[in-house]
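Novice: Take a look and give me a structure for this.
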Amino acid sequence: MPPKLATRSADRRPRPSPDMEATVTDEKGTRSLEDGRWATVAPSRARRPSTTYAITHTVAYTVAYISPLICGLLILLILGTYCFGVRFIWFLPGGCWLSEGKAPDNTSLGNYTTVPDLIETLKMAPSLLQAALGLLLPAMARALPFRHRASLDFTTSESGNPFVDGWYADPDIEYYGGKYWVFPTSSYPYEQQTYLDAFSSTDLVHWEKHPNILTTKDVKWANKAVWAPAPISRNGKYYIYFGANDIQEGEPEAGLIGGIGVAVSDKPEGPYVDAIGKPLIGEYHNGAQPIDQDVYIDDDGQAYIFYGGHSHCNMAKLNADMVSVGQFDDGTSYKEITPEGYVEGPQMVKRNGKYYLMWSEGGWTGPNYSVSYAMADTINGPFIKQASILKQDAAVAKGSGHNSVIHIPNTDIWYIVYHRRPLSETDGNHRVLAYDRMYFNEDGTIVPITMLVKDNFADGQSIGWKQYGSQWSVSNSKFTSSGSSAAMLDTNFGDLVYDATVSVPGSGAEAGLLFRATNLSNNLAQLNGYYAKVSASGSVTLEKVANGASSALGSSGAVIAANTDHHLRVTAVGSQIKVFVDDMNTPKITATDGTFATGADGVRSSAGGARFGSISVAKP
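Specialist: Numbers count the residues shown, from 1 in each chain. The predicted structure is shown next:
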């Protein structure tokens, strides 16, 4: 039985109360607090925000209230001067002598000798007004207390998926000390899953790898399949709950050891050590295989562990030491809360007083692997299934599941973090990490997730791109060719809207977008597909490429400046293909050809120095 890929921990980000009252945070700094003042997970360990935090917010609030006054006065002054001209000046002290071009002592006023000259100067007022608004309004918008926003411009996976390199699965994400931490499974056969890595980022874009934070050498009872880490922090300690040995039903009774372990460290990056020297949960209860754990601390400070494979989900209380299982009021330690359709990988999230239990269902290597969720008013349910929200997409990726959720502090911005398998991969263990924006409807239900295909290269990397011919590199958030070459995404779109910025290096160079492409090789001699390209000589061309031979489907003149970004867009619906350059309202080329129905998407260049950015491929 394959390991039941554990889900990631729930939202633990602080959320502002409606009245913006004082805040209190715990050591973890990531608890979602729904009602009234921001409370603490562990009240006895609560601490006030730092002096720097307080000063920063005091300044922000001061700017928020003073900026409108300053802006208003400046606008009145400029508009008054501009609209009333000389009449406005007459009301000022000395206005009469200013209109005559002389000072009271009959000396010249220099450059402003007449009112017409002065009025010419006043024509600068609109520009001054625009500049004033441009400077003040963004500052006001950032500072206004009612406008909660992320500290950074978080957008939906704009820097591309996968967001880290390598085969990883079962990501759990936490927020510690101003950094986002992702803890995944090293996705290899069970006997090779002997270590755990971690990744940290301040912006969800640039990631630092922390290798071997926990290995089987640190857990004497674990010998294989260390997977699905679930992180959490409390009282200055950092914990990872993990599955090990893939224990099966009946094996504990036969003396075999395995199940859910717990490791502890003084730092998020480790090193972690086995906290108790044995499994925390090493037996089957209510039919649940002891794997796929998620730990959640509720608003009252009570910690819970949710876990279970073999289509059963249990919950248990954790004692204050975080390394032992407690009891419910009825004296039991394990309660089954299995919702309809549950298979593995539970994930607990709380938003606006509602509890969301998420899980993965379907076979982890099969086409039906997906993420579903249920909702409840209390943490112990009953959990009523709502919908499946993350499924494989034949154009993007397969095997999408085993998720976690992150909530950006002080916002209502949420992301789902999960693994998926590239379309061309046949090895079930070849999984990669991805994240996408997660939205909520007005009634609190979750909007189905769209796996986006985007890359703005802001992370300085080209993860997920396969190169053909000359090498490509990323510089200044641009994907740059070094010669005649192509680079492709592992996609399979038919109907699409494909956008990118393209810059060609000189009049003889061409560069553009490949789509519905197949039969790729290093020299592209057998390439099939379509190619929309621009040339700095002043043209845009749509080509059909069959077995490497190109034929034009359409061409048009276009203003293409060398070394300048131009917005290139291709829309393809059935056999109708349109190509746009800069003007997205009127296509430069419209052609009809149904030779190729689906294929990969990528970029191509005839020479070094072509630059691509802001790539996006989507269904119409």
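
Novice: and Leu514, what helix or strand is that in?
Specialist: For Leu514, the element it lies in under DSSP states H and E is strand 510-518.

Novice: In its sheet, which strands sit next to that strand, and in what direction?
Specialist: Under the criterion DSSP bridges, strand 510-518 sits next to strand 528-535 (antiparallel), strand 600-605 (antiparallel) in its sheet.

Novice: Go through the next helix or strand after the longest one and flag the buried ones.
Specialist: Where DSSP H and E defines the elements, the next helix or strand beyond strand 528-535 is strand 539-546. Taking 16 or more other C-beta atoms under 10 Å as the neighbour-count basis, strand 539-546 is seen to contain the buried residues 539-545. All C-beta spots, glycine's among them, are computed from the backbone N, C-alpha and C.

Novice: Which neighbouring elements make contact with strand 539-546?
Specialist: strand 528-535, strand 549-557, strand 576-581, strand 589-592 (3 or more C-beta pairs under 8 Å, 6 or more residues apart in numbering; DSSP states H and E).

Novice: still on that earlier bit, for the buried residues of strand 539-546, could you give me JSON lines that also reports distance to Glu158 and pLDDT?
Specialist: JSON lines is the format used below for these (distance: C-beta to C-beta, whole Å; pLDDT from 0 to 100):
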{"residue": "Ser539", "distance to Glu158": "30", "pLDDT": "97"}
{"residue": "Val540", "distance to Glu158": "26", "pLDDT": "98"}
{"residue": "Thr541", "distance to Glu158": "29", "pLDDT": "99"}
{"residue": "Leu542", "distance to Glu158": "27", "pLDDT": "99"}
{"residue": "Glu543", "distance to Glu158": "29", "pLDDT": "99"}
{"residue": "Lys544", "distance to Glu158": "31", "pLDDT": "99"}
{"residue": "Val545", "distance to Glu158": "29", "pLDDT": "98"}
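
Novice: Just name the closest of those to Tyr355, please.
Specialist: Tyr355 has its nearest neighbour among the buried residues of strand 539-546 in Leu542, at 52.2 Å by C-beta to C-beta.

Novice: So what sits opposite the closest one in the bridge?
Specialist: Applying DSSP bridges to Leu542 yields these beta-bridge partners: Ala532, Gly554.

Novice: buried ones in the lengthiest strand in the chain?
Specialist: Longest strand of the chain, by residue count under DSSP state E: strand 397-407. By 16+ other C-beta under 10 Å, the buried positions in strand 397-407 come out as 397-407.

Novice: Could you point out which of the strands paired with strand 510-518 sits nearest Asp455?
Specialist: Taking the strands paired with strand 510-518 one by one with C-beta to C-beta, strand 600-605 is closest: 10.2 Å.

Novice: and the direction of the closest one versus that of strand 539-546, what angle?
Specialist: With axes from the mean of the first three to the mean of the last three C-alpha atoms, to 10 degrees defining the directions, strand 600-605 sits at 130 degrees from strand 539-546.

Novice: ok, the residue nearest to Ala198 when sequence neighbours are not counted - how many residues close by?
Specialist: In space, and not counting its chain neighbours, Ala198 is closest to His210: 4.4 Å by C-beta to C-beta, 6 or more residues apart in numbering. Counted by other C-beta atoms under 10 Å, the residues lying close to His210 total 18.

Novice: returning to that earlier point: how about a markdown table for the helices and strands packed on strand 539-546, with mean neighbour count, distance to Ala320 and mean pLDDT added?
Specialist: Converted to a markdown table, these look like this (neighbours: other C-beta atoms under 10 Å; distance: least, C-beta to C-beta, whole Å; pLDDT from 0 to 100):
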| stretch | mean neighbour count | distance to Ala320 | mean pLDDT |
| --- | --- | --- | --- |
| strand 528-535 | 24 | 61 | 98 |
| strand 549-557 | 14 | 70 | 98 |
| strand 576-581 | 21 | 61 | 99 |
| strand 589-592 | 16 | 68 | 99 |
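
Novice: Export the ones you listed to a markdown table and append columns for distance to Lys224.
Specialist: Listed next are the helices and strands packed on strand 539-546 as a markdown table, based on distance: least, C-beta to C-beta, whole Å:
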| stretch | distance to Lys224 |
| --- | --- |
| strand 528-535 | 44 |
| strand 549-557 | 52 |
| strand 576-581 | 51 |
| strand 589-592 | 56 |
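
Novice: Nearest the geometric middle of this structure, what residue?
Specialist: Ser157 (4.1 Å; C-alpha atoms, centre = their mean).

Novice: Three-state assignment for it, please.
Specialist: coil (DSSP: H, G, I helix; E, B strand; the rest coil).

Novice: for it, what are its contacts?
Specialist: Shown in contact with Ser157 (C-beta atoms under 8 Å, 6 or more residues apart in numbering): 163, 434-437, 452, 454.

Novice: Mind putting the residues you listed into JSON lines with distance to Tyr304 and secondary structure?
Specialist: Putting those into JSON lines (distance: C-beta to C-beta, whole Å; DSSP: H, G, I helix; E, B strand; the rest coil) gives the following:
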{"residue": "Phe163", "distance to Tyr304": "29", "secondary structure": "coil"}
{"residue": "Ala434", "distance to Tyr304": "27", "secondary structure": "strand"}
{"residue": "Tyr435", "distance to Tyr304": "25", "secondary structure": "strand"}
{"residue": "Asp436", "distance to Tyr304": "27", "secondary structure": "strand"}
{"residue": "Arg437", "distance to Tyr304": "27", "secondary structure": "strand"}
{"residue": "Leu452", "distance to Tyr304": "33", "secondary structure": "coil"}
{"residue": "Lys454", "distance to Tyr304": "36", "secondary structure": "strand"}
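
Novice: From those, list just the buried residues.
Specialist: 163, 434-437, 452, 454.

Novice: circling back: right, and the strands paired with strand 510-518 - which one's nearest Met322?
Specialist: strand 600-605 (46.6 Å).

Novice: Next secondary structure after the closest one?
Specialist: Heading C-terminal from strand 600-605, the first helix or strand you meet, by DSSP H and E, is strand 611-618.

Novice: What is that next one packed up against?
Specialist: Packing partners of strand 611-618 (3+ C-beta pairs under 8 Å, 6+ apart): strand 453-455, strand 478-481, strand 496-503, strand 600-605.

Novice: Out of these, indicate the one that is most buried.
Specialist: Among the helices and strands packed on strand 611-618, strand 600-605 has the highest mean neighbour count (mean count of other C-beta atoms under 10 Å), at a mean of 25.

Novice: List of residues touching that one?
Specialist: The contact list for strand 600-605 (C-beta under 8 Å, 6+ apart) reads 453, 465, 479, 481, 483-493, 496, 498, 500, 502, 509-518, 520, 529, 531, 533, 610, 612, 615, 617.

Novice: Buried ones among those?
Specialist: 453, 465, 479, 481, 484-493, 496, 498, 500, 502, 509-517, 520, 529, 531, 533, 610, 612, 615, 617.

Novice: Endpoints of stretch 607-620, how far apart?
Specialist: One end of stretch 607-620 sits 31 Å from the other (C-alpha to C-alpha, to the nearest Å).

Novice: Check which residues of it are buried.
Specialist: By 16+ other C-beta under 10 Å, the buried positions in stretch 607-620 come out as 607-618.

Novice: Is it possible to get TSV of the residues you listed that adds pLDDT?
Specialist: TSV is the format used below for these (pLDDT from 0 to 100):
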residue	pLDDT
Ala607	94
Gly608	96
Gly609	97
Ala610	98
Arg611	98
Phe612	99
Gly613	98
Ser614	97
Ile615	98
Ser616	97
Val617	98
Ala618	98
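
Novice: sorry, back to before: between all of the contacts of Ser157, which two are separated the most?
Specialist: Farthest pair in the contacts of Ser157 (C-beta to C-beta) is Phe163 and Arg437. Separation: 13.3 Å.

Novice: Mind jotting down where the helices sit in this structure?
Specialist: Counting by DSSP state H, the segments of the chain that form helices are 51-90, 95-99, 115-122, 125-143.

Novice: Could you tell me the backbone phi and psi angles at the closest residue to Glu249 other than its chain neighbours?
Specialist: The shortest distance from Glu249 to any non-neighbouring residue, by C-beta to C-beta, 6+ apart, is to Tyr284 (5.4 Å). Dihedral pair for Tyr284: phi -80, psi 130, per degrees, to the nearest 10.
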